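Visitor: test case, fold it:
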Amino acid sequence: MLRTMPKTGDKINSLGFGMMRLPGKLGKIDQAQATKLVAHALNQGVNYFDTAYLYPGSEEATGAAIEALGCRKDVYIATKLPLFVLKNLNDAKKIFEQHFKRLKTDYIDYYLLHNISSYEQYTQIADMGVVDFLVAEMSQGRIRRLGFSYHGNRSDFKRILDARDWDFCQIQLNYLDEEFQAGVEGLAYAKEKGVGVVVMEPLRGGLLANSVPKDALTEISKLEIVQRASNTIAPTAPTTNSNSTSNTTSNANATPTSTTPATATTSTSESAATNQQGAHTLLAQRESRTYTPTPAQLALRWVLNNDGVICALSGMRAIEELDSNAQAAMDLEPGGMCADEVNAVEYAKKLFNEKIKVLCTGCGYCLPCPHKVNIPLAFAQYNNKHVTRSINATAMYITSLLTGGRREGASSCVGCHLCEKKCPQSLPIADLMPMVKKDMEKPYLVYPVRFALHVMKAFRR
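Guide: Numbers count the residues shown, from 1 in each chain. Below is the predicted model of the structure:
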């Protein structure tokens, strides 16, 4: 299902490929498998590929796969500038140039400031001259669209959206995170401003695929989704929005057009054709049928059911995952979920919430804390740990709150209770913080994570 970026007219498949979790062994990506996955994604109509400078080996693997398949003009590449490693504008410029070598391209379709967590952080980056630099690169055609990915409270999200004329943004959204970070309120605000939204973590790191409560699984197993018959040609990205490798000065603000899926008169199941320019299209024959969604499919459909969502990213490591996600996304328009699906999601959410320790909605009204504690994020990762039973939540807590000179975790709380006066949920925040500290800031975990990040920074330089 193609959706249109409101400000740019780009036609983007509602299923995007998150390239952070490509298959491999011992930390090294299996390039042959990665290329196979990209080829199959193209055959399913996927045309948006999201990577980042800090995803180990991901940019290189993405560039190599797209070059091998000869499909650069058929796809949109998104990558990101890591903000926490920047000391000055020159750092940003050095990293920026590395993108092109890694991705084997001379232009980037969608470029993001990576992982903004507050308005203050955005202004620091802007004052450094980074945003002006990127705008200048847009005028040269090296960047086509400029946006940001976000992991902060919704108030700051709105302020950042208001700060300039963004082309798009990327937020975390799933059925457990309606009120977390930007949330559905932030999504609605972005839509109101005409900013296209790409969603990350639609499955909340696999939680909504692999850890759904048993009773919720029973309800999901009763669902039947009707899939329309369709013989479609997968869309290709327009040549008006893509340059050859010898042309880096085309108009980055040109409004592209894209091939809309057309009815095929003849087709063979899952067969692909390549035109003279190397553009890959698929003549895919799909029969009308019903199917029972998996928990992952239901969670993905919930995200795509929201008006304003252009594309939901999924990190897919296998052909089967790709096919399953494509099936879930196919034909679904905003508001297209049936009542039974919505009810099943609400039931699963209810059961999940019974495991959550702190009923914080992430509204951010408690901020700013005079002692710099990021209260919503601390509670969010604390909850994640108890819902997922995974060490990943603790690692995210440490990297988000206790590294890079930040001391924004529960250990910085002095019990002043000022935040409690502003909390609409009347949470006993000061009493909860010692519990969070005890559970999330164990020294035998904090110090190794800090050391690993220090080594990563040194290596990146």
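Visitor: give me the pLDDT for residue 214.
Guide: Looking at residue 214, its pLDDT reads 82.
Visitor: before we move on, what about residue 381?
Guide: Looking at residue 381, the pLDDT reads 88.
Visitor: so it touches residue 395, yeah?
Guide: No - counting by CB atoms under 8 Å, residue 381 stays clear of residue 395, with 9.1 Å between them. Where you see a C-beta, it was placed from the backbone N, CA and C, and this is true even at glycine.
Visitor: list the buried ones in stretch 408-417?
Guide: Neighbour counts over stretch 408-417 (16 or more other CB atoms under 10 Å) mark 408, 409, 410, 411, 412, 413 as buried.
Visitor: okay, residue 381 and residue 395: which has more neighbours?
Guide: It is residue 381, of residue 381 and residue 395, that has more neighbours when counted by other CB atoms under 10 Å, with 24 against 16.
Visitor: wasn't the more buried one part of a helix?
Guide: Yes - judged by DSSP: H, G, I helix; E, B strand; the rest coil, residue 381 forms part of a helix.
Visitor: quick one: contacts for it?
Guide: 393, 394, 396, 397, 400, 401, 440 (CB atoms under 8 Å, 6 or more residues apart in numbering).
Visitor: against residue 440, how distant is it?
Guide: The gap separating residue 381 from residue 440 is 7 Å, by CB to CB, to the nearest Å.
Visitor: and residue 328, helix, strand or coil?
Guide: Residue 328 ends up helix, using three-state DSSP.
Visitor: that older thread, joint contacts of residue 381 and residue 440?
Guide: Common neighbours of residue 381 and residue 440 (CB under 8 Å, 6+ apart) are 394, 397.
Visitor: what stretches of the stretch 151-300 of the chain score poorly on pLDDT?
Guide: Low-confidence segments of the stretch 151-300 of the chain, defined by pLDDT under 70: 228-288.
Visitor: that one: helices as residue ranges?
Guide: Listed in chain order, the helices of the stretch 151-300 of the chain (DSSP state H, counting those that start in this stretch) span residues 154-163, 183-192, 207-210, 214-220, 295-304.
Visitor: list the helices and strands the fourth one packs on?
Guide: In other words, helix 214-220. Where contact means 3 or more CB pairs under 8 Å, 6 or more residues apart in numbering; DSSP states H and E, helix 214-220 is packed against helix 295-304, helix 339-353.
Visitor: need the winner for burial among these.
Guide: Stretch with highest mean neighbour count among the helices and strands packed on helix 214-220: helix 295-304 (a mean of 24; mean count of other CB atoms under 10 Å).
Visitor: if we take the contacts of residue 381, which one ends up nearest to residue 27?
Guide: Comparing the contacts of residue 381 against residue 27 with CB to CB places residue 396 closest, at 18.9 Å.
Visitor: element containing that closest one?
Guide: helix 391-401 (DSSP states H and E).
Visitor: please save the CA atoms from that helix in PDB.
Guide: What follows is helix 391-401, C-alpha atoms only, in PDB (Å, rounded to 0.1, in the frame of the first residue of the first chain):
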ATOM      1  CA  ILE A 391      18.400  -6.800  29.900                       C
ATOM      2  CA  ASN A 392      18.000  -4.600  26.800                       C
ATOM      3  CA  ALA A 393      15.800  -2.200  28.800                       C
ATOM      4  CA  THR A 394      18.500  -1.700  31.400                       C
ATOM      5  CA  ALA A 395      21.100  -1.100  28.700                       C
ATOM      6  CA  MET A 396      18.800   1.500  27.100                       C
ATOM      7  CA  TYR A 397      18.300   3.100  30.500                       C
ATOM      8  CA  ILE A 398      22.100   3.400  31.000                       C
ATOM      9  CA  THR A 399      22.900   4.600  27.500                       C
ATOM     10  CA  SER A 400      20.100   7.200  27.500                       C
ATOM     11  CA  LEU A 401      20.500   8.600  31.000                       C
END
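Visitor: give the buried residues for it.
Guide: 393, 394, 395, 396, 397, 398, 399, 400, 401.
Visitor: residue 325: what secondary structure?
Guide: On the three-state scheme (three-state DSSP), residue 325 is labelled helix.
Visitor: and the chain, what are its domain boundaries?
Guide: 2-329, 375-460 (automatic domain parsing).
Visitor: ok, and the closest non-adjacent residue to residue 190?
Guide: What sits nearest to residue 190 in space, not counting adjacent residues and going by CB to CB, 6 or more residues apart in numbering, is residue 197, at 5.1 Å.
Visitor: repeat for residue 402
Guide: residue 409 (5.1 Å).
Visitor: any idea how far that neighbour lies from residue 21?
Guide: In this view, residue 409 and residue 21 are 27 Å apart by CB to CB.
Visitor: got it, and residue 129?
Guide: Noted for residue 129: a distance of 33 Å to residue 21, by CB to CB.
Visitor: now the end-to-end length of stretch 104-121.
Guide: Start to finish, the residues bounding stretch 104-121 are 31 Å apart (CA to CA, to the nearest Å).
Visitor: er, stretch 425-432 actually
Guide: Using CA to CA, the end-to-end distance of stretch 425-432 comes to 14 Å.
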